[in-house]
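Participant: the sequence and its predicted three-dimensional model are supplied below.
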Amino acid sequence: MVVLARAFAGRPRILLIDEMSLGLAPVVFQRLLPVVRSISRSGVGVLLVEQFAHHALGIADHSLVFANGRVGYAGPAEALLGDPELLHRAYLG
């Protein structure tokens, strides 16, 4: 959490967050998701790389799914979140 605050204090235009959930208690991770969304809404571009797709898609506007080095899906996060079959195909082909 301190790393996220430190990065944001530098007034970035784009913020890359890689595996935010890694090493955090689930309750802490859940509390940080709205903070990341708020950062995005403030005008900072946020690229969130996250293994827990449903959580990331819940706060995202746009999503990209990479599988085996290729883009499996690019489009609105809402569409991917609302269609489990599309999400499954994006990841597994």
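Facilitator: Yes, it's here. Predicted model, so just to flag it, every value in this text is computed and none were measured.
Participant: go through stretch 35-52 and flag the buried ones.
Facilitator: For stretch 35-52, the neighbour count (16 or more other Cβ atoms under 10 Å) marks Val36, Arg37, Ile39, Ser40, Val44, Val46, Leu48, Glu50 as buried. Glycine gets a C-beta too; all of them are placed from N, C-alpha and C.
Participant: apologies, that question was intended for stretch 7-26.
Facilitator: So for stretch 7-26, counting by 16+ other Cβ under 10 Å, buried means Leu15, Ile17, Met20, Ser21.
Participant: tell me if the second one really is in a helix.
Facilitator: If I follow you right, that is Ile17. No - the assignment for Ile17 (DSSP: H, G, I helix; E, B strand; the rest coil) gives strand, which keeps it out of a helix.
Participant: verify the contact between it and Val49 for me.
Facilitator: Yes - contact criterion Cβ atoms under 8 Å: Ile17 and Val49 qualify, at 7.0 Å.
Participant: what is the most widely separated pair among the buried residues of stretch 35-52?
Facilitator: Val44 and Glu50 (17.1 Å; Cβ to Cβ).
Participant: next one: the closest residue to Ala79 other than its chain neighbours from Gly72, what distance?
Facilitator: Closest residue in space to Ala79, ignoring its immediate chain neighbours: Leu86 at 7.0 Å, by Cβ to Cβ, 6 or more residues apart in numbering. Distance of Leu86 to Gly72, computed by Cβ to Cβ, to the nearest Å: 10 Å.
Participant: any shared contact partners between those two?
Facilitator: Taking Cβ atoms under 8 Å, 6 or more residues apart in numbering as the contact rule, Leu86 and Gly72 touch no residue in common.
Participant: what does the longest helix along the chain contact?
Facilitator: Determined from DSSP state H, the single longest helix within the chain is helix 26-41. For helix 26-41, contacts defined as Cβ under 8 Å, 6+ apart pick out 1, 4, 8, 15, 17, 20-21, 24, 46, 48, 55, 58-59, 61.
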